[in-house]
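Undergrad: Sharing a model that was predicted from the sequence below.
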Amino acid sequence: MEAVSYPLRIPKNVIDLANLRTKEEHVDKSTVLRQFLYLAAKDYVMELYQKGRISLSRAAELLDVSTFDILRLVKEQGYPEVTVEQLKKSKKTAKSLTI
Amino acid sequence: MTKIVFDSDGLIKLTKAECLQILLEHFTCSITKEVYEETAIKGMERLYDDAFQIEELVKKGMLNVEKMKNNKQAQQILKSSGVGRGEASSLHLYFNTNARAIISDDRIFLNLLEQNNIPFITPADLIIRLIELNLISKDEAVEALNKLKPYVSKKNYNNAKENLED
């Protein structure tokens, strides 16, 4: 994944939390901060997907992961519902499918 | 043979339900290069079993991977939609190849298809159709739906189960 530098003011408590994780997990502070940022971004993308604002493919693109990864993550939280009308239309198309 | 197009959602879910092989034997099934990359290639990098199965079916020539060619109608429909490269390319492929339907269960993609009167089938409904076409038994369909259950909404699963009873 391509990385770019970006100037950012970070709340002190988040830095304190990063320091704690640095000690606990023996990783450098920059890595910890990137992980925090990624986790929040991941949650946001999953929220958009579950609300039906973005598709599976778009969610995978935004997080630079496989579509399998997204489906695995959603499996724990429940899948977005399709509408009753969509189910009716799907059934009707399926009925017309011949071999 | 009737041609159907899968997006990543449809492809993965029918692989999980272990119904892909039977579909490939009786329908002309296509995916785009974009869908292939986001499922098989990226999935194999992360060691997902299903991704290797998809790759094997592609290598055997049973599942067609087609290069996307721009289609004006698809381009118009896709303007400012929230779909990714996989779904977008599948729509182009649908128009370019005169496929019968797109197989997907992705909510935003289904919204787009519904608004534009493009035929779609959810994986669960396709499993039910396989019984009606005498391609699988009712017991096999129940098993397939159970494998699919963790990956679809409750409403979708219950609806398929009801259809199975009809």
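TA: Cool, got the structure. Keep in mind the model is a prediction, meaning the values are calculated, not measured.

Undergrad: ranges for the helices of chain A?
TA: According to DSSP state H, chain A carries its helices in the segments A:12-25, A:29-50, A:56-63, A:67-77, A:84-95.

Undergrad: Determine if any part of the last one is in contact with chain B.
TA: Spelled out, it's helix A:84-95. Yes: judged by C-beta under 8 Å from any C-beta of the partner chain, helix A:84-95 and chain B are in contact via A:84-87, A:89-91, A:93-95. No exception for glycine: its C-beta is placed from N, CA and C like everyone else's.

Undergrad: now, among these, which is nearest to B:Tyr157?
TA: A:Leu87 (11.0 Å; C-beta to C-beta).

Undergrad: I'd guessed that closest one sits against B:Asn156; true?
TA: Yes: shown here, A:Leu87 and B:Asn156 form a contact pair, counting by C-beta atoms under 8 Å, at 6.9 Å.

Undergrad: Neighbour count for those two, which is higher?
TA: Using other C-beta atoms under 10 Å in any protein chain shown as the criterion, A:Leu87 and B:Asn156 rank with B:Asn156 on top: 24 against 20.

Undergrad: Need the per-residue pLDDT for the closest residue to that one other than its chain neighbours.
TA: The shortest distance from B:Asn156 to any non-neighbouring residue, by C-beta to C-beta, 6 or more residues apart in numbering or on different chains, is to B:Ala124 (5.5 Å). For B:Ala124, the model assigns a pLDDT of 96.

Undergrad: List phi and psi for B:Ala124.
TA: phi -60, psi -40 (degrees, to the nearest 10).

Undergrad: Near chain B, which residues of chain A? Just list them.
TA: Residues of chain A lying near chain B (C-beta under 8 Å from any C-beta): A:52-61, A:65-69, A:71, A:75, A:78-82, A:84-87, A:89-91, A:93-95, A:97-99.

Undergrad: try it again with 7 Å
TA: Within chain A, the positions near chain B by C-beta under 7 Å from any C-beta of the partner chain are A:52-58, A:60-61, A:66-69, A:71, A:75, A:79-82, A:86-87, A:89-91, A:93-94, A:97-99.

Undergrad: So for B:Ile22, what's the nearest residue that isn't a sequence neighbour?
TA: According to C-beta to C-beta, 6+ apart, the nearest residue to B:Ile22 is B:Leu135 (5.6 Å).

Undergrad: ugh, wrong one, I meant B:Met44
TA: B:Ala51 (4.6 Å).

Undergrad: How is that neighbour assigned, secondary-structure-wise?
TA: helix (DSSP: H, G, I helix; E, B strand; the rest coil).

Undergrad: And for B:Ile4?
TA: Secondary structure, three-state DSSP: B:Ile4 is strand.

Undergrad: Okay, the closest residue to A:Ala59 other than its chain neighbours and B:Lys155: tell me how far apart.
TA: Sequence neighbours aside, A:Tyr49 is the residue nearest to A:Ala59 in space, at 4.4 Å (criterion: C-beta to C-beta, 6+ apart). Distance, A:Tyr49 to B:Lys155, using C-beta to C-beta, to the nearest Å: 17 Å.

Undergrad: what sits against the residue nearest to B:Ile103 when sequence neighbours are not counted?
TA: Of all residues not flanking B:Ile103 in the chain, B:Gly10 sits nearest, at 3.5 Å (C-beta to C-beta, 6+ apart). By C-beta atoms under 7 Å, 6 or more residues apart in numbering or on different chains, the residues touching B:Gly10 are B:103-105, B:123.
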